[in-house]
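> Build me a model from this:
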Amino acid sequence: MKNIFYLSILSLILISCSSSNQNQSSNETEIIGSGTLENGKKVQIVVGDTNNEQVWIDYIKAHNDRDLDKIAEINADDWEGYTADGSVVKGNEAHIEILDNWFKTASPKWEIKWMIANAAENEEGVTVQWLTTGNDYTDVDENGNEIFEHNVHDVQFVDGKIKRINVYSRAKAQESAEFSY
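Down below sits the predicted model:
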């Protein structure tokens with residue numbers, strides 16, 4: 001009787017663990033938000049591919065190391081970049097040329113603070129992988145003054161390559177600064 005009791009408890013524990021693991025693997029399609037496409041269609045945002053986090057880590061390391069070959073390797077050929085000031089760059093070659101010139105005159109560095117993998121359907125109904133990241137950006141301007149910004153990069157991945165980056169920026173917090181929108 002005692003053995004049956006212990007066997008029943010053990011079975012219950014194993015079934016509970018199995019159910020828990022099934023729930024964790026089904027999180028890939030868990031709805032975490034929603035969005036509206038340019039055509040007005042509402043879409044669900046779901047958990048994305050967390051493997052893209054390592055690609056982003058490698059990408060930021062390549063930027064900090066000024067490794068243009070590695071950056072070009074991670075970029076898709078039709079790479080697009082949209083910066084916080086409204087600038088747009090299209091094409092892997094154009095991106096690498098801009099970085100090469102920038103790295104010759106500046107010392108930008110990024111530190112990854114957080115990452116969220118997400119995915120959603122595009123206008124054609126194809127699921128697109130994104131990684132939304134928070135990164136601290138530092139540099140020194142031409143007068144020797146420190147530059148510090150909090151950046152959010154919304155990064156689109158296609159076939160393991162970075163296709164598009166949208167950059168949003170906020171200056172370093174200053175409690176003495178006057179508040180404004």
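> Using the three-state scheme, assign the residue nearest the centre of the chain.
Computing the C-alpha centroid of the chain and ranking residues by CA atoms, centre = their mean puts Leu131 first, at 2.8 Å. Put simply, Leu131 is strand when judged by DSSP: H, G, I helix; E, B strand; the rest coil.
> Enumerate the beta-bridge partners assigned to it.
Ala117, Val155 (DSSP bridges).
> Number of residues surrounding Asn92?
20 (other CB atoms under 10 Å). C-beta: built from backbone N, CA, C; applies to glycine.
> which residues touch it?
Asn92 makes contact with 72, 75-79, according to CB atoms under 8 Å, 6 or more residues apart in numbering.
> Just among the residues you listed, which is most surrounded?
Result: Trp79 is most packed of the contacts of Asn92 (other CB under 10 Å), 23 neighbours.
> Could you check how far that residue is from Ile165?
To Ile165, Trp79 is 8 Å away according to CB to CB, to the nearest Å.
> Phi, psi for Glu73 please.
phi -70, psi -40 (degrees, to the nearest 10).
> In terms of pLDDT, where does it sit?
pLDDT recorded at Glu73 is 98.
> And Gly40, by the same measure?
Looking at Gly40, its pLDDT is 94.
> helix/strand/coil for it?
Under the three-state scheme (three-state DSSP), Gly40 adopts coil.
> so the nearest residue to Val158 once chain neighbours are set aside is in which element?
Spatial nearest neighbour of Val158, excluding adjacent residues (CB to CB, 6 or more residues apart in numbering): Ala76 at 5.8 Å. Using DSSP states H and E, Ala76 maps to strand 75-82.
> which neighbours does that strand have in its sheet, and in what orientation?
Neighbouring strands of strand 75-82 in its sheet, by DSSP bridges, are strand 88-90 (antiparallel), strand 161-171 (parallel).
> tell me the contacts of the nearest residue to Lys90 once chain neighbours are set aside?
Once flanking residues are discounted, Lys90 sits nearest to Glu80: 5.2 Å by CB to CB, 6+ apart. Shown in contact with Glu80 (CB under 8 Å, 6+ apart): 88-90, 163-165.
> Tell me the buried residues within those.
Buried residues within these, counting neighbours by 16 or more other CB atoms under 10 Å: 89, 163-165.
> Distance-wise, check the residue nearest to Asn75 when sequence neighbours are not counted relative to Ala117.
Among residues not flanking Asn75 along the chain, Asn92 sits closest, at 4.4 Å (CB to CB, 6+ apart). Asn92 sits 23 Å away from Ala117 when distances are taken as CB to CB.
> where does the protein dip in pLDDT?
Filtered on pLDDT under 70, the chain yields the residue ranges 1-28, 176-177, 179-181.
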